[in-house]
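Trainee: Give the three-dimensional model of this entry:
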Amino acid sequence: MDDRQTIVWLGFGLLAALAALPGLAAGGAPWLPVFLCGLCLACAVHQASRTRVTEAVGEVLAGSTLRLVVIVVGVALVWQLVGIELAFLMAGDVLAYVEVVAAVSLIAANTRLAAVRAQVARQGRALGAALSLRRTGIRRSVRALRRARRRRPRGDDADAGAVRAFA
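Mentor: Numbers count the residues shown, from 1 in each chain. Predicted coordinates:
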């Protein structure tokens, strides 16, 4: 019977080691599976520790069925928290990537929006000018529009503007 218990404990130790392997390969420290692996190996090798562990497990699980169900459900709920730190780290990385992509997209959209806004404004001014000419019924040539502008007469002192600029 001793050999059979040794094989069972070695099997549990192997399962715990397999559960710890992905965490160790990722550079983490999966303390619970490593602890269980060490405990199972100690129970497989040492008879006194095997007896002590089986008695402790028997004491914990002895009692009413409701207590056993509560313990099993509690263990299942706690087991869900095993990978929560890794999930939080991954969520933080994903959020950082999303933030960078959103910032780049907003900058690109703002740059494109300026060009679109300028084009729409040009087309709006051209449409407004065309509509105002149609309303008045007068068709002016481009030369006539250019002649209509008046230039300011220069003063007596031609360098007055340059002097004011450097004053």
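
Trainee: Look up how far residue 107 lies from the residue nearest the centre of the chain.
Mentor: Per C-alpha atoms, centre = their mean, the C-alpha nearest to the average position across the chain is that of residue 95, at 1.4 Å. Applying C-beta to C-beta, to the nearest Å, the value for residue 95 to residue 107 is 19 Å. Every residue, glycine included, has its C-beta placed from N, CA and C.

Trainee: swap in residue 42?
Mentor: From residue 42 to residue 107 the distance is 59 Å (C-beta to C-beta).

Trainee: Those two: which is more packed in?
Mentor: residue 42 (16 against 10; other C-beta atoms under 10 Å).

Trainee: excluding its backbone neighbours, what's nearest that one?
Mentor: residue 49 (5.0 Å; C-beta to C-beta, 6 or more residues apart in numbering).

Trainee: likewise residue 9?
Mentor: Closest to residue 9 by C-beta to C-beta, 6+ apart is residue 44, at 3.7 Å.

Trainee: tell me which element the one you found falls in.
Mentor: In the assignment (DSSP states H and E), residue 44 maps to helix 31-45.

Trainee: following that helix, which helix or strand comes up?
Mentor: Assigned by DSSP H and E, the successor of helix 31-45 is helix 47-61.

Trainee: Much appreciated, bye for now.
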